[in-house]
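A.B. asks: Build me a structure from this.
(chains A and B)
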Protein chains: 2
Amino acid sequence: MESSRLKKQIEFIKEVDKLKYIERKTRLFNSNRRENDAEHSWHLSLMAIILDEHSNENIDVLKVLKMLLIHDIVEIDAGDTFLFDTKKNHDNTAEEFVAAKRIFGILPKNQAEDLIAIWKEFEEGETSEAKFAKAMDRFQPVLQNQSNNGGTWFEFNVIYENVIKKTEKIKLGSSTIWEYVEKTIKSLYNR
Amino acid sequence: MESSRLKKQIEFIKEVDKLKYIERKTRLFNSNRRENDAEHSWHLSLMAIILDEHSNENIDVLKVLKMLLIHDIVEIDAGDTFLFDTKKNHDNTAEEFVAAKRIFGILPKNQAEDLIAIWKEFEEGETSEAKFAKAMDRFQPVLQNQSNNGGTWFEFNVIYENVIKKTEKIKLGSSTIWEYVEKTIKSLYNR
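C.D. replies: Below is the predicted model:
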């Protein structure tokens, strides 16, 4: 019994290795090299343990970390969608849900259910933990684009209003961080 | 005050981006592509939340995750040392401690102290959390080498006894996982 659980867990550990091949649009700091989803997930998780004091609400940091470690795993099947993609909705939930069921479904049943629930909670963005985790996910590319003189925003001609619209959800997780982000974007767009 | 803390935290977040350029010897699953330290740290952290039920002792999973997310950050300055390096000790503590002080020292004082303490606890490997975190760090390359027909062990002619000697510390964190690992190594070396 124990060994059959371990076998499924190892299968899952092997499967998620594929996240290291999923490339994001955003580039590393002061760099041309695009980031992959595994590196991105590590960076957000580390940010969460450093920045948790700025959360608007009390948060369970362990739950935030679980969200951030798994939030992009569905992209192994569904691919990464650029936040400012004009043709495809960033939250392509139907396709991503099929992916979640397949990939988390490799795990023992109770773990699959737990992680799907945590992933859905993140996607819905309504709990304190989801709001803070999503704030990390939106904040990191701001810092990267800042270091790359506008980065993907300028590269893909994203107008100021759209950047604000997509990033201002950071405010739901942390008004302190949002204050910094708004200043950064204004300065990049000369506003 | 708040904003001066945030400024330091952002400096740290930028600095640790460099972990994405630190290449390990071990290669991704079924692949020739070497893994970098950021991907590795993400994978270990995810493994910890999946495998925590196999820990020999009760563990604080949040602390384990903090250890795994930061455990290789010193390699930004000190570089990665192959576990089976015959010239350089894997635990090059003096050099790594200087690195820890510099890199974690970018953070506000209380956070720098906390993270240096957690990093040292991991390095010393004596608490339940450190033993389990170290088990993850030794287990992942076993799975990678298994998928790559012996991987770095065969590539660098590491003999069976040395592989056992270095990996058997897994037993301190989880005897269930060690049982699986020992079988895997025996099978690869035809023992």
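A.B. asks: Please make it C-alpha for all contacts and neighbour counts, starting now.
C.D. replies: Noted.
A.B. asks: Around chain B, pick out the residues from chain A.
C.D. replies: Proximity of chain A to chain B, by C-alpha under 8 Å from any C-alpha of the partner chain, involves residues A:3, A:6, A:9, A:13-14, A:17, A:20, A:28-29, A:38-39, A:41-43, A:45-47, A:49-51, A:61-62, A:66, A:69-70, A:111, A:143, A:176.
A.B. asks: Just the ones in helices from those, please.
C.D. replies: A:3, A:6, A:9, A:13-14, A:38-39, A:41-43, A:45-47, A:49-51, A:61-62, A:66, A:69-70, A:111, A:143, A:176 (DSSP state H).
A.B. asks: Next secondary structure after the top strand by length along chain A?
C.D. replies: For chain A, the strand with the greatest residue count under DSSP state E is strand A:23-27. Downstream of strand A:23-27, the first helix or strand assigned by DSSP states H and E is strand A:34-36.
A.B. asks: what's the pLDDT at the closest residue to A:Val158 other than its chain neighbours?
C.D. replies: With sequence-adjacent residues excluded and distances taken as C-alpha to C-alpha, 6 or more residues apart in numbering or on different chains, A:Val158 is closest to A:Phe84, at 7.3 Å. pLDDT, A:Phe84: 81.
A.B. asks: With A:Gly79 instead?
C.D. replies: At A:Gly79, pLDDT is 86.
A.B. asks: Now do the contacts for it.
C.D. replies: A:Ile22 (C-alpha atoms under 8 Å, 6 or more residues apart in numbering or on different chains).
A.B. asks: where's the most centrally placed residue in chain A relative to A:Val64, distance?
C.D. replies: Nearest residue to the geometric centre of chain A (C-alpha atoms, centre = their mean): A:Asp137, 4.1 Å. In this view, A:Asp137 and A:Val64 are 11 Å apart by C-alpha to C-alpha, to the nearest Å.
A.B. asks: same deal with A:Met47?
C.D. replies: The gap separating A:Met47 from A:Val64 is 11 Å, by C-alpha to C-alpha.
A.B. asks: between these two, who's got more neighbours?
C.D. replies: A:Val64 (25 against 21; other C-alpha atoms under 10 Å in any protein chain shown).
A.B. asks: Which strands and helices lie in contact with the helix or strand containing the more buried one?
C.D. replies: Using DSSP H and E, A:Val64 sits in helix A:61-70. For helix A:61-70, the packing partners by 3 or more C-alpha pairs under 8 Å, 6 or more residues apart in numbering or on different chains; DSSP states H and E come out as helix A:37-51, helix A:109-124, helix A:128-147, helix B:37-51, helix B:61-70.
A.B. asks: Need these in TSV (columns: mean pLDDT).
C.D. replies: Below are the helices and strands packed on helix A:61-70 laid out as TSV (pLDDT from 0 to 100):
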stretch	mean pLDDT
helix A:37-51	98
helix A:109-124	98
helix A:128-147	97
helix B:37-51	98
helix B:61-70	98
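A.B. asks: can you put those helices in TSV and add distance to A:Lys165?
C.D. replies: Formatted as TSV, the helices and strands packed on helix A:61-70 follow (distance: least, C-alpha to C-alpha, whole Å):
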stretch	distance to A:Lys165
helix A:37-51	21
helix A:109-124	18
helix A:128-147	11
helix B:37-51	30
helix B:61-70	31
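A.B. asks: For A:Ile50, list the residues it contacts.
C.D. replies: Going by C-alpha under 8 Å, 6+ apart, A:Ile50 touches B:9, B:111.
A.B. asks: And it, how close does it get to B:Arg5?
C.D. replies: 10 Å.
A.B. asks: hang on, the earlier thing: buried subset of the residues of chain A next to chain B?
C.D. replies: Buried by 16 or more other C-alpha atoms under 10 Å in any protein chain shown: A:6, A:9, A:13-14, A:17, A:20, A:28-29, A:38-39, A:41-43, A:45-47, A:49-51, A:61-62, A:66, A:69-70, A:111, A:143, A:176, out of the residues of chain A next to chain B.
A.B. asks: can you list the residues that contact the helix holding A:Val64?
C.D. replies: Residues from elsewhere that reach helix A:61-70 (C-alpha under 8 Å, 6+ apart): A:41-42, A:44-45, A:48-49, A:52, A:115, A:118-119, A:122, A:129-130, A:132-133, B:42, B:45-46, B:49, B:61-62.
A.B. asks: likewise stretch A:37-46?
C.D. replies: Against stretch A:37-46 from outside (C-alpha under 8 Å, 6+ apart): A:19-24, A:65, A:68-72, A:136-137, A:140, B:13, B:17, B:20, B:38-39, B:41-43, B:66, B:69-70.
A.B. asks: returning to what we had before: which other helices and strands contact the helix or strand just after the helix holding A:Val64?
C.D. replies: As assigned by DSSP H and E, the chain's next helix or strand after helix A:61-70 is helix A:75-78. Counting contacts by 3+ C-alpha pairs under 8 Å, 6+ apart, helix A:75-78 packs against helix A:93-104.
A.B. asks: Show me what the helix it packs on is packed up against.
C.D. replies: When contacts are defined as 3+ C-alpha pairs under 8 Å, 6+ apart, helix A:93-104 packs onto helix A:2-15, helix A:75-78, helix A:109-124.
A.B. asks: What is the distance between it and the centre of its chain?
C.D. replies: The chain centre lies 16 Å from the centre of helix A:93-104; the measure is C-alpha atoms, centre = their mean, to the nearest Å.
A.B. asks: ditto for stretch A:34-51
C.D. replies: Centroid displacement of stretch A:34-51 relative to its chain, using C-alpha atoms, centre = their mean, is 8 Å.
A.B. asks: Could you export it as CSV, CA atoms only?
C.D. replies: The C-alpha trace of stretch A:34-51 is given here as CSV (Å, rounded to 0.1, in the frame of the first residue of the first chain):
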residue,chain,number,x,y,z
ARG,A,34,13.4,33.8,-21.4
GLU,A,35,12.4,32.3,-18.0
ASN,A,36,10.8,28.9,-17.8
ASP,A,37,7.9,27.9,-15.6
ALA,A,38,9.9,26.0,-13.0
GLU,A,39,12.3,28.8,-12.4
HIS,A,40,9.4,31.2,-12.3
SER,A,41,7.6,29.1,-9.7
TRP,A,42,10.7,28.9,-7.5
HIS,A,43,11.2,32.6,-7.7
LEU,A,44,7.6,33.4,-6.7
SER,A,45,7.7,30.9,-3.8
LEU,A,46,10.9,32.6,-2.5
MET,A,47,9.3,36.0,-2.9
ALA,A,48,6.3,34.9,-0.9
ILE,A,49,8.4,33.9,2.1
ILE,A,50,10.3,37.3,1.9
LEU,A,51,7.3,39.5,1.3
